[in-house]
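*Asks:* Below is the sequence, then the predicted model.
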2 protein chains.
Amino acid sequence: MITMISLKEAAAYLQTNDNYIILTHQYPDGDTLGSAFGLCKMLQQIGKNARVLYNGQLQDRFAYLANGVSEQSFTKETVISVDVADKALLGELIEYSSRVELCIDHHSIHRQYAKRSYVDPTAAATAEIIYLIGELLGVEYTKDIADCVYTGVATDTGCFKFSNTTLQTHEIAGRMIQSGCDFARINKDMFDTITKAHIAIEQKALETLAYYVDGECAVMYTTKEMCTRCGATDDDIEGLSSVPRKIVGVRVGITIRQKGDDLYKISVRTNGGVNAAEICSIFGGGGHPAAAGCTIDGTLDKVIERLVAAAAVALKNSRD
Amino acid sequence: MITMISLKEAAAYLQTNDNYIILTHQYPDGDTLGSAFGLCKMLQQIGKNARVLYNGQLQDRFAYLANGVSEQSFTKETVISVDVADKALLGELIEYSSRVELCIDHHSIHRQYAKRSYVDPTAAATAEIIYLIGELLGVEYTKDIADCVYTGVATDTGCFKFSNTTLQTHEIAGRMIQSGCDFARINKDMFDTITKAHIAIEQKALETLAYYVDGECAVMYTTKEMCTRCGATDDDIEGLSSVPRKIVGVRVGITIRQKGDDLYKISVRTNGGVNAAEICSIFGGGGHPAAAGCTIDGTLDKVIERLVAAAAVALKNSRD
């Protein structure tokens, strides 16, 4: 039996029960971690037992989110998930999937799996919902809690840049600043910090940047050899996919990453009404209108040729 | 006779007089332009005559700020300046410097030149003050006004990233979103758009990136020949200076731009308590603790050697 509940009912559930295990999604990001640690500290503040299972290693840059959490041991567990849109995203925590009593999420595409779910797709981040639950629980927003809520809200909106940002998002961020959150340091770590390997692989990738279709399509690539030479991991290469689309006049930005001898992973990012998912679906991939992906076999030259041809069609379709 | 006035007095002055000429500072940015055009539209809405003198060419990316301004001709002029901290910054509008009736500014270092000034250094942007004046004037925040206020606030805070951001900054941004401002498009244009020449010169500059002082100092440079080859203007090179400091472990990021055969313009950006102004003062330059500049004569090798030596001293001093 699966039920959608209201925000008040979610808060009442947390008020009534105890011994919470809070799950994040796999490859945890700022919102799932900020929501989980923020909620954990709120629950501990109102006298509950709680701990976070954060799914894999906690990256150094997120370590501050755990500040102020008390270690608590308890056995009879109440399982909660935050920012987990589908049980398949529980990753190494999949064993808990049938035991989730309450799920709190903001994804517009949410596949219910918890016994009760509160899902608000108008929230820019799950951390926005956690803040609202904190209000209903009568929580005092300490610096440690504010750091968590702010991190979730800032990371899921690209620091308030993206169209999902609302009045409520800004109001919550403002209050977290008033509660003493270390926002300038958090923003520097989240948005203005890159590794030496990242900058090295970016330089190599930019060397390959080429324009097609009257400059409306930009393509750049990384090979396995380039990654080895730069010591670049998958984390370092993340973020490169957003570069080509930033260039003036470019409406289709394509980033190609070599995965095997003749195997390439493709990211497509688009502007101005060009359908990225349409381009990737030709190669058996998919995604969203402005961001999609696929995998293609073949030589690099041939892969680029096929992608540029697909981009040219999508560009033409966007004008029709 | 120069007077500091209150926000209410500034609003009352605008309510009482008419025929406003609004001046921006030279090399106008998002805050001076957003403030000027926002105020112009507010004044026109309450039945006043007003126009903006925007100091030089209005760049294409700022053209939308003028949307909704009515062309008005009038002779007896009341001169106002916004976001202009010193009359020397009036640039080509210097002829007006002795005629400024009211100056509205937020810079903490402000040299008074207007007959009356309202300066609030706790405001993250002058556009924050313009918003507050709009409230006192009873203005309705139309989309065209909201686009201006939002642009000023967002650009002067690095999209709410920097430490100058406050609760008030977020509250105003949120209200401008509610008033229909086109914030996602504005943010894309202001923060996520680069020219083809910019990306080309960035690639060339990254090729020169080198680390010194145990990786705590990063240096990169551009030569005149590189700029010519990439078709890069000063505008395209702007922004490169923020790159080296973003790298993990780097506390002194130095960017060197060739200006003449043996003449180099230097930007120093620092993290973690290293004094950038201390480094630049050795070469007759200056600036702020985290961002400073200077000019050095000599061969490129020698310039780098001298800068690295100065950086090593500043790094050592920061640890003492």
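*Replies:* Cool, the structure landed. Residues are numbered from 1 along each chain as shown, chains lettered A, B, ... in the order given.
*Asks:* Would you map the helices across the stretch 201-320 of chain A?
*Replies:* Assigned by DSSP state H, counting those that start in this stretch, the helices in the stretch 201-320 of chain A fall at A:224-230, A:234-237, A:276-281, A:300-319.
*Asks:* Just give me the lowest mean pLDDT stretch among these.
*Replies:* Confidence, taken as mean pLDDT, is least for helix A:234-237 of these (a mean of 86).
*Asks:* partner residues bridging the residue nearest to A:Ser241 when sequence neighbours are not counted?
*Replies:* Distances taken as Cβ to Cβ, 6 or more residues apart in numbering or on different chains place A:Ser267 nearest to A:Ser241, at 3.7 Å, with adjacent residues excluded. Any C-beta I mention is one placed from the backbone N, CA and C, and that applies to glycine too. Under the criterion DSSP bridges, A:Ser267 forms beta bridges with A:Thr255, A:Gly293.
*Asks:* Would you check that A:Ser267 makes contact with A:Ile254?
*Replies:* Yes: under the criterion of Cβ atoms under 8 Å, A:Ser267 makes contact with A:Ile254 at 7.2 Å.
*Asks:* Of those two, give the one with the bigger neighbour count.
*Replies:* A count of neighbours by other Cβ atoms under 10 Å in any protein chain shown puts A:Ile254 above the other of A:Ser267 and A:Ile254, at 28 against 24.
*Asks:* check contacts around the more buried one.
*Replies:* A:Cys217, A:Ala218, A:Val219, A:Met220, A:Pro244, A:Ile266, A:Ser267, A:Val268, A:Arg269, A:Leu307, A:Ala311 (Cβ atoms under 8 Å, 6 or more residues apart in numbering or on different chains).
*Asks:* Mind doing that once more with 7 Å?
*Replies:* Counting by Cβ atoms under 7 Å, 6 or more residues apart in numbering or on different chains, A:Ile254 touches A:Cys217, A:Val219, A:Pro244, A:Ile266, A:Val268, A:Leu307, A:Ala311.
*Asks:* And it, what's its pLDDT?
*Replies:* 98.
*Asks:* Find the residue ranges of the stretch 1-150 of chain A scoring beneath the pLDDT cut-off.
*Replies:* Within the stretch 1-150 of chain A, the ranges that satisfy pLDDT under 70 run A:1.
*Asks:* circling back: and the residue nearest to A:Ser241, how far from A:Thr255?
*Replies:* Plainly put, A:Ser267 is 4 Å away from A:Thr255 if you go by Cβ to Cβ, to the nearest Å.
*Asks:* A:Tyr150 now?
*Replies:* A:Tyr150 is 30 Å from A:Thr255, by Cβ to Cβ.
*Asks:* Ok, A:Gly34 next?
*Replies:* Using Cβ to Cβ, A:Gly34 is found at 28 Å from A:Thr255.
*Asks:* Looking at these two now, which is surrounded by more residues?
*Replies:* A:Gly34 (32 against 25).
*Asks:* so that one touches A:Ala146, yeah?
*Replies:* No: using Cβ atoms under 7 Å, A:Gly34 is not in contact with A:Ala146; the gap is 10.3 Å.
*Asks:* Quick one: neighbours of A:Thr142, just the number.
*Replies:* Per other Cβ under 10 Å, the neighbour tally for A:Thr142 reads 16.
*Asks:* Chain A: strands as residue ranges?
*Replies:* Using DSSP state E, the strands of chain A run over A:3-4, A:20-23, A:50-53, A:78-82, A:100-105, A:116-119, A:210-212, A:217-222, A:252-260, A:263-270, A:286-287, A:291-297.
*Asks:* and B:Ala125, which of those is closest to it?
*Replies:* Across those, B:Ala125 has its closest neighbour in strand A:263-270 (30.0 Å, Cβ to Cβ).
*Asks:* what sits up against that closest one?
*Replies:* Against strand A:263-270 from outside (Cβ under 7 Å, 6+ apart): A:241-242, A:245, A:251-259, A:276, A:279-280, A:290-297, A:300, A:303, A:307.
*Asks:* Pull out the buried residues from those.
*Replies:* Those of the contacts of strand A:263-270 that meet the buried threshold are A:241, A:245, A:251-258, A:276, A:279-280, A:290-294, A:296, A:303, A:307, by 16 or more other Cβ atoms under 10 Å in any protein chain shown.
*Asks:* neighbouring contacts of stretch A:115-133?
*Replies:* By Cβ under 7 Å, 6+ apart, stretch A:115-133 touches A:2-7, A:10-11, A:13-14, A:31-32, A:34-35, A:38-39, A:82-83, A:100-108, A:110, A:149, A:152-153, A:156-157, A:164-166, A:168-169, A:172.
*Asks:* Could you identify which of the strands of chain A is most buried?
*Replies:* strand A:78-82 (a mean of 26; mean count of other Cβ atoms under 10 Å in any protein chain shown).
*Asks:* What are the neighbouring residues in contact with the residue of the stretch 1-150 of chain A found nearest chain B?
*Replies:* Closest contact between the stretch 1-150 of chain A and chain B, by Cβ to the nearest Cβ, is at A:Arg61 (9.4 Å). Neighbouring residues of A:Arg61 by Cβ under 7 Å, 6+ apart: A:Asp189.
*Asks:* Please repeat the previous calculation with a cut-off of 10 Å.
*Replies:* Shown in contact with A:Arg61 (Cβ atoms under 10 Å, 6 or more residues apart in numbering or on different chains): A:Gly30, A:Ile186, A:Asp189, A:Met190, A:Thr193, B:Val248.
*Asks:* Out of the residues you listed, which sit inside helices?
*Replies:* Among those, DSSP state H puts A:Gly30, A:Ile186, A:Asp189, A:Met190 in helices.
*Asks:* how about those in JSON lines, adding neighbour count and distance to chain B?
*Replies:* Shown next, in JSON lines, are these (neighbours: other Cβ atoms under 10 Å in any protein chain shown; distance: Cβ to the nearest Cβ, whole Å):
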{"residue": "A:Gly30", "neighbour count": "24", "distance to chain B": "14"}
{"residue": "A:Ile186", "neighbour count": "24", "distance to chain B": "9"}
{"residue": "A:Asp189", "neighbour count": "17", "distance to chain B": "10"}
{"residue": "A:Met190", "neighbour count": "18", "distance to chain B": "9"}
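*Asks:* Cool, thanks, signing off.
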